[in-house]
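Visitor: Task: produce atomic coordinates for the following.
(chains A and B)
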Protein chains: 2
Amino acid sequence: MAASTASRLSPPRPTASSPYPRPPPRLSRFSSLRAAKMEAVLSIGTHVIPHPRKVETGGEDAFFVGGDGGGVFAIADGVSGWAEKNVNPALFSREVMANSSTFLKDEEASNDPQILLMKAHAATSSIGSATVIIAMLEKTGTLKIASVGDCGLKIIRKGQVMFSTYPQEHYFDCPYQISSEAIGQTYKDALVCTVNLMEGDMIVSGSDGFFDNIFDQEILAVISESPGIDEAAKGLAELARKHSVDVRFDSPYSIEARSRGFDVPWWKKLLGAKLTGGKMDDITVIVAQVKTVAVPDDEGTGVEQEKGVEQVTVAATASAEQNE
Amino acid sequence: MAASTASRLSPPRPTASSPYPRPPPRLSRFSSLRAAKMEAVLSIGTHVIPHPRKVETGGEDAFFVGGDGGGVFAIADGVSGWAEKNVNPALFSREVMANSSTFLKDEEASNDPQILLMKAHAATSSIGSATVIIAMLEKTGTLKIASVGDCGLKIIRKGQVMFSTYPQEHYFDCPYQISSEAIGQTYKDALVCTVNLMEGDMIVSGSDGFFDNIFDQEILAVISESPGIDEAAKGLAELARKHSVDVRFDSPYSIEARSRGFDVPWWKKLLGAKLTGGKMDDITVIVAQVKTVAVPDDEGTGVEQEKGVEQVTVAATASAEQNE
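Guide: Below you'll find the model as predicted:
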C-alpha cells in the first residue's frame, strides 16, 4: 500500500548543527512596505462570457472593479429562477453592483465589505436575488472578503492554491442569496474573512459558472502560461466555457452532483455510464495580482515607482463577450 | 446533459411585492454580544491516535489548548524524515507547542498567532521540523489563524463546511515546515487569515494524518451524530484511523496521489487496479464549538450565564491513545 507507507520528507540537506539564524521580530507582515511608504495595490483583469442562450442580453452576472488603487472588486450572480416569474434576473445583480460602486464613497462601507454589502443591498429596489462576493485590499496587504452564496475566490502563491472560499447553499444548486424578499439571506449570513497577502500573490475570483467548470490544477496552468492578467482572465473564462458545453467533461459540477446522489438512471449505470458534463451558465472571471507601489509620504518625498493598477470602475455588465 | 441544464432555484414562495424590510445598520458582526457584554469562547474536545508503529512513543504530533477562556489551540506535526538522521521527530513539535503555550503570557503574542508562532519557533532549541497551525478566538468572535504546512482547519456552520484552510507544500507529501535549519520555512511563510464566527459554529482542526483519511461529508456526519465535542473528536479520530489502515479505502490521500501521477504500475492499471488506501500517520483532532458567555461589565452588573469552556492547557503530547 504505497499510499500508506510513504513517509513525509524533510527538506534536502538538513544538518544537525548550525542553529537557524532567526530574523528579528517584525510586528507587521507588511512592515517592509510600511517603513518605505509602500502600499499594496491590485492589478486587475476581467472577462465575462454569458450563458450561450443569454448572449443577446449579456447574461445575469454583474461585477465591478474600483476603489482607490483598484483595490476593490465584486461579483453578483443573478438567480435565474426569477425568469419564471417574468422578472429579469439581471436587474437585481446589476443594481447591487452599481450600488456597491456608489457606496465606496461612504467611508464606513469603503473599509468593510460586509458593510458595503449591507448598504448596497438595502439601496437596491429591483426585484430578484443574487449571490455576491466583495473583496477589498487594504494598503497593508490584508484582503477582506464578504461572500453570500457560491461566487468564489482563490488565492495563488508560489504556484499553488493557498486559500479558497467555500460555497454556501441551502441544498444542491440552490445557493445562499441576498434577495428582494425577506426569505433571502442578508449581509449577516455572509462568510466574512481576511487573508494577509504578499507581493506577487494572484487572486482568481468568479461566479459559480466559472468554478463549476474548471479544476484548480487547470487554473494554475492557465495562470502560469499567461503573459498578463488580462490574458489570464480571458484564458480562464474560455477554458471554463469550453468545458461548460462539453457533455463528456467530468466537471467539478458533475462530480459534486454525483456525490449528492444525482446521476444517470440505474440501467445506464449498469452499462458503465455516469453523469458527466459541464454546467452551462454565465461565466465571470476576475484575476488580480498584488503589487506594491511607493507613494509620497507625509513629507512628500516618496515617488510613485510603479503603477500596477488599472483603475477601472466597471459597474454592472461590462465587457461581456457577445459571441463565442 | 442533466448537469448542464439544471437551473439555479430561487427560494420558495418569492412574491414580487412587499419590499424586504431590512434591518437597521449594525456596525459589528458580534454587536449583540458586545452590547450585552457577551463574549465568544470555545468549548474544546481533543483526541489523538498515534501511528500504529509509534504507539509506544506517543507519535510525533503535539498540540495544546489554552488561553483565557480556552480560546487558543494549536497543532504541530513533527516531520518523520528526521528519524533517518537519528533525531526523534517528536522533540521539535513538542517543544514548539510547549513554547507556544508559554508565550501566551506575552501580550503581543497572545493576540496574534503569527507572532506566537515566530516567538515559539525562535525559542525552540530541539533539532527537527514540523508543520504548525495556531488558532485564536477573539472575544468579538473573530478567529485568527496562522498555518505553515498541511495541518488543517475547517469551520462548519449550519451543517456545511463554510471555510477550510489549504495545505502548503513544496511537492507531494513534502509540506512547508518550520525547522531548526535555515532551509525551512518561518512565520513569514505562514498562511495568515481571520474568519468571523457565529455562535454555534464548529471548528474541526487536525494534522494531515486526519484530513488525509476523511472526507468533508464524513466529518459533517460524525459531527451531527455526536452528543458532544469530546465524542465528536473521538469519533472523527477513530473514523480517520479506520480508513488509514484500510488498503481498499479510496482516501483523500490516494485520490490526491493519483492526481499527482502516483499510481500502480501500468500493467495493473490494465487489469483495472488503481492506487488506493488510507495514509498511516499520527492522527490529531481538535473539535471546538463557539459559545457565548455573559461576563461582568465595567459596573460589575453582568452575570456569567454559561461556562462553555473547558479551560485545559495540554502542552505537548497529551491524551494519546496507547492502544487501538
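Visitor: How about the contacts made by A:Gly228?
Guide: Applying CB atoms under 8 Å, 6 or more residues apart in numbering or on different chains, we find A:Gly228 in contact with A:Gly45. Placement of C-beta: from N, CA and C, glycine included.
Visitor: give me phi/psi at it?
Guide: A:Gly228 adopts backbone torsions of phi -160, psi 180, taken as degrees, to the nearest 10.
Visitor: where's A:Pro52 relative to A:Leu239, distance?
Guide: Taking CB to CB, to the nearest Å as the measure, A:Pro52 falls 16 Å from A:Leu239.
Visitor: From B:Asp250, how far off is the closest residue to A:Val195 other than its chain neighbours?
Guide: Spatial nearest neighbour of A:Val195, excluding adjacent residues (CB to CB, 6 or more residues apart in numbering or on different chains): B:Cys193 at 4.4 Å. In this view, B:Cys193 and B:Asp250 are 30 Å apart by CB to CB.
Visitor: Looking only at neighbour counts, state which of A:Pro52 and A:Leu239 leads.
Guide: Using other CB atoms under 10 Å in any protein chain shown as the criterion, A:Pro52 and A:Leu239 rank with A:Leu239 on top: 20 against 15.
Visitor: Report the secondary structure state of the more buried one.
Guide: Classification of A:Leu239 by DSSP: H, G, I helix; E, B strand; the rest coil places it in helix.
Visitor: A:Ala98 now?
Guide: helix.
Visitor: what does A:Ile223 give?
Guide: Under three-state DSSP, the three-state class of A:Ile223 is helix.
Visitor: Correct me if wrong: it contacts A:Ile156.
Guide: Yes - using CB atoms under 8 Å, A:Ile223 is in contact with A:Ile156, at 6.1 Å.
Visitor: Give me the common contacts of those two.
Guide: Counting by CB under 8 Å, 6+ apart, the residues touching both A:Ile223 and A:Ile156 are A:Met202, A:Val204.
Visitor: how far does stretch A:241-256 sit from the chain's center?
Guide: On the basis of CA atoms, centre = their mean, to the nearest Å, stretch A:241-256 sits 19 Å off its chain's mean C-alpha point.
Visitor: Quick one: mean pLDDT for that stretch?
Guide: In this model, stretch A:241-256 has a mean pLDDT of 93.
Visitor: Please list the outside residues in contact with that stretch.
Guide: With CB under 8 Å, 6+ apart as the test, stretch A:241-256 has contacts from A:49, A:52, A:172, A:209, A:211-215, A:275-281, A:283, A:324, B:1, B:3-4.
Visitor: Could you pull out the buried residues of that stretch?
Guide: A:241, A:243-246, A:249-256 (16 or more other CB atoms under 10 Å in any protein chain shown).
Visitor: Now flag whichever of those residues is closest to A:Phe73.
Guide: Distance to A:Phe73, by CB to CB, is smallest for A:Arg241 among the buried residues of stretch A:241-256, at 20.6 Å.
Visitor: how close does that closest one get to A:Lys234?
Guide: 10 Å.
Visitor: cool, and A:Val65?
Guide: Distance from A:Val65 to A:Lys234, by CB to CB: 15 Å.
Visitor: Pick out whichever of those two has more residues nearby.
Guide: Looking at A:Val65 and A:Lys234 with other CB under 10 Å, you find the greater number of neighbours at A:Val65, namely 24 against 20.
Visitor: Now do the SS call for that one.
Guide: Once three-state DSSP is applied, A:Val65 turns out strand.
Visitor: And it, how close does it get to A:Asn196?
Guide: Using CB to CB, one obtains 22 Å as the distance from A:Val65 to A:Asn196.
Visitor: Then A:Val290?
Guide: As judged by CB to CB, A:Val290 and A:Asn196 stand 11 Å apart.
Visitor: A:Trp82 too?
Guide: According to CB to CB, A:Trp82 stands 38 Å off from A:Asn196.
Visitor: Is the residue sitting nearest the centre point of chain A bridged to anything, and to what?
Guide: With distances taken as CA atoms, centre = their mean, the residue of chain A nearest its centroid is A:Ser205 (1.7 Å). A:Ser205 forms beta bridges with A:Leu153, A:Ile286, as assigned by DSSP bridges.
Visitor: pLDDT wise, what is it at?
Guide: pLDDT for A:Ser205: 98.
Visitor: Over to A:Arg26?
Guide: At A:Arg26, the predicted lDDT confidence score is 43.
Visitor: before we move on, what about A:Ala3?
Guide: For A:Ala3, the predicted pLDDT is 33.
Visitor: same deal with A:Glu321?
Guide: pLDDT recorded at A:Glu321 is 47.
Visitor: again, but for A:Val312
Guide: So, for A:Val312, pLDDT stands at 34.
Visitor: And A:Ile214, by the same measure?
Guide: For A:Ile214, the pLDDT comes out at 97.
Visitor: check contacts around A:Thr124.
Guide: A:Phe92, A:Glu95, A:Val96, A:Asn99, A:Ser180.
Visitor: Distance of it relative to A:Met97?
Guide: Counting by CB to CB, the separation of A:Thr124 from A:Met97 is 10 Å.
Visitor: The residue of the stretch 51-200 of chain A found nearest chain B: what secondary structure?
Guide: The nearest approach of the stretch 51-200 of chain A to chain B comes at A:Gly81, 3.4 Å away (CB to the nearest CB). Put simply, A:Gly81 is helix when judged by three-state DSSP.
Visitor: With A:Arg248 instead?
Guide: coil.
Visitor: Contacts for the host helix or strand of A:Phe210, please.
Guide: Assessed by DSSP states H and E, A:Phe210 sits inside helix A:208-211. Helix A:208-211 is contacted from outside by A:51, A:61, A:77, A:131, A:149-152, A:167, A:175, A:236-237, A:240, A:244, A:252, A:279, A:281-285, using CB under 8 Å, 6+ apart.
Visitor: Check the offset of stretch A:96-113 from the chain's centre.
Guide: Its chain's average C-alpha position is 18 Å from that of stretch A:96-113, according to CA atoms, centre = their mean.
Visitor: can you give me the end-to-end distance of that stretch?
Guide: 13 Å (CA to CA, to the nearest Å).
Visitor: and it, does that touch chain B?
Guide: Yes - Stretch A:96-113 is in contact with chain B by CB under 8 Å from any CB of the partner chain, via A:Glu108.
Visitor: Give me the buried positions along that stretch.
Guide: Within stretch A:96-113, the residues that count as buried by 16+ other CB under 10 Å are A:96-104, A:109-110, A:112-113.
Visitor: repeat for stretch A:190-204
Guide: Buried residues in stretch A:190-204, counted by 16+ other CB under 10 Å: A:190-198, A:201-204.
Visitor: Show me the two of these that sit farthest apart.
Guide: The most widely separated members of the buried residues of stretch A:190-204, counting by CB to CB, are A:Ala190 and A:Met198 (25.1 Å).
Visitor: I'd like to know how many residues surround A:Glu84.
Guide: With neighbours defined by other CB under 10 Å, the count for A:Glu84 comes to 11.
Visitor: got the residue ranges for the strands in the stretch 101-250 of chain A?
Guide: In the stretch 101-250 of chain A, the segments counted as strands under DSSP state E, counting those that start in this stretch are A:129-137, A:142-148, A:152-157, A:160-165, A:169-171, A:174-175, A:178-179, A:191-196, A:202-206.
Visitor: Up against chain B, what does the stretch 201-324 of chain A have?
Guide: Counting by CB under 8 Å from any CB, the residues of the stretch 201-324 of chain A lying close to chain B are A:217, A:244-245, A:247, A:251, A:253-254, A:257, A:259, A:262, A:264, A:275-280.
Visitor: Below-threshold pLDDT in the stretch 1-150 of chain A: ranges please.
Guide: A:1-36, A:69 (pLDDT under 70).
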